[in-house]
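**Q** sequence first, predicted model second:
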Amino acid sequence: MSLSKKAAEKRRLAEKRKELRKEKSKEAARNRRGKEGEFFAELADTLPLANSLKQSLDKSTVIKLCINYMRLRELLQDVFPATNVSQKLPLNIFSMRDEFELVLSLSPFGDIVYATDNVKDLLGLYQYDMIGCGLSTLMHPSDWNEFEEFYKSGESSISVTARFKSSLAAKSRSTANGKNPQYKTVKFIGRRLTAPSSSSPGKDSKDGCVILTGSPVETLAVSEQVIDSMTFTCKHTLSMRLTDCDERFTELTRYPAGYAKEKSFYSFVHPGDMKSVETHFKSLYSKETIQTEPYRLLTGYGGYVEVVTVASLVNNLKTGKPEAITTIHHVIWYLFGL
């Protein structure tokens, strides 16, 4: 065999060996991917999620959810040591139709270790996207300050109206203010739960958690609201002087027709609730929509009605600046004088 033929044969054998190595490498990579896929499928299977959702999760999301699921179990075990949480916890344990629930760690940024799946319907956000995020990244910066104070204070509960990121807000039609905000106004009620052995609530992120209930506050115009027999509406100037009240105001508060016109709304608020009501309405100018805690409105001939109020700013269509306030008052209890 000539030297040229030997060299050609050598090159051919080298190419063949190279191709074999490539095939072996590809086969090894396929095996690794297969084993990796099986591993992540088994890992995702430990999560209490619908099978259809598990199949759509990428690897990083599976890892994030598993880590936070373990954190949730640990937090619940710390707070409720007598409860057996060794079984698989359903991630819809708090589900409600018109409210969503968050479980937050006591970290400085309020890490979300759990969110109910109905946040998709109420805010347009996916449960698995929210889990692992800090509450501070989803809430309007101006409103996060109130939660930050709550975390630092060690208080056991919080109730506040805040603006929360929502994809539904951007897609929805213009609100009563003529805007398409990227935030949805949400009424939050939170409770701090600490481990029985923890002497310093909030000192360590493992000492407990915060259970937060969020209820979106509708910002529809008064004409679009469902008004029942125990609800009345009012219009106000920016200084809270009443300019108009519907007929149910007279029926439910027992004041003569036209009595409230041009009077300050605050003159009807029970003195014991004045501070809370003023605080809510002062925040209206930054939040544009607020929902109050239950408070008392004084009625004619003595007594009072207990109401929850949703208030919204009305902006001038040309200038975009606030020009009035509309309020919807839901009567939840009443006590009339003789």
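**A** Received the coordinates, thanks.
**Q** following the lengthiest helix in the chain, which helix or strand shows up next?
**A** The longest helix of the chain (DSSP state H) is helix 3-45. The helix or strand immediately downstream of helix 3-45 is helix 51-54, counting by DSSP states H and E.
**Q** from the chain's centre, how far out does that following helix sit?
**A** Distance, stretch centre to chain centre, for helix 51-54: 23 Å (Cα atoms, centre = their mean, to the nearest Å).
**Q** now swap in stretch 259-266 and tell me
**A** 35 Å.
**Q** check which residues of it are buried.
**A** Within stretch 259-266, the residues scored as buried using 16 or more other Cβ atoms under 10 Å are A260, F265. In this view, the C-beta of every residue, glycine as well, is placed from N, C-alpha and C.
**Q** can you list contacts of that stretch?
**A** 234, 236, 239-245, 249-250, 268, 274, 277-278, 300, 327 (Cβ atoms under 8 Å, 6 or more residues apart in numbering).
**Q** just checking, what packs against the longest helix of the chain?
**A** Helix 3-45 is packed against helix 51-54, helix 59-79, with contacts defined by 3 or more Cβ pairs under 8 Å, 6 or more residues apart in numbering; DSSP states H and E.
**Q** roughly how far is the last one from the heart of the chain?
**A** The reference is to helix 59-79. Mean-position distance between helix 59-79 and its chain equals 19 Å (Cα atoms, centre = their mean).
**Q** quick one: end-to-end distance for stretch 269-278.
**A** Start-to-end span of stretch 269-278 (Cα to Cα, to the nearest Å) is 10 Å.
**Q** buried residues in that stretch?
**A** In stretch 269-278, counting by 16+ other Cβ under 10 Å, buried: V269, D273, V277.
**Q** average pLDDT for it?
**A** Per-residue pLDDT over stretch 269-278 has a mean of 96.
**Q** now stretch 41-49
**A** Mean predicted confidence for stretch 41-49 is 79.
**Q** stretch 142-153 too?
**A** pLDDT averaged over stretch 142-153 gives 87.
**Q** check stretch 57-71 too.
**A** Stretch 57-71 comes out at a mean pLDDT of 85.
**Q** over to stretch 321-333?
**A** 93.
**Q** of all the helices and strands packed on helix 3-45, which lies closest to K18?
**A** helix 59-79 (31.7 Å; Cβ to Cβ).
**Q** mind listing what's buried in that closest one?
**A** Result for helix 59-79 [16+ other Cβ under 10 Å]: buried residues 61-62, 64-65, 68-69, 71-73, 75-76, 78-79.
**Q** of those residues, closest to K10?
**A** For those, the nearest to K10 is V62 (49.0 Å; Cβ to Cβ).
**Q** what separation is there between the closest one and S167?
**A** In this view, V62 and S167 are 23 Å apart by Cβ to Cβ, to the nearest Å.
**Q** if we can go back for a sec, among the contacts of stretch 259-266, name the ones in helices.
**A** Per DSSP H, these map to helices at F249, T250, M274, V277, E278.
**Q** quick check, central residue of the chain?
**A** G214 (5.0 Å; Cα atoms, centre = their mean).
**Q** if I pick that residue, what's in contact with it?
**A** Contacts of G214 by Cβ under 8 Å, 6+ apart are E99, F100, E101, L102, L122, F164, V186, K187, F188.
**Q** helix or strand: which one has it?
**A** Going by DSSP H and E, G214 is in strand 208-216.
**Q** so what strands line up beside that strand?
**A** strand 100-105 (antiparallel), strand 183-194 (antiparallel) (DSSP bridges).
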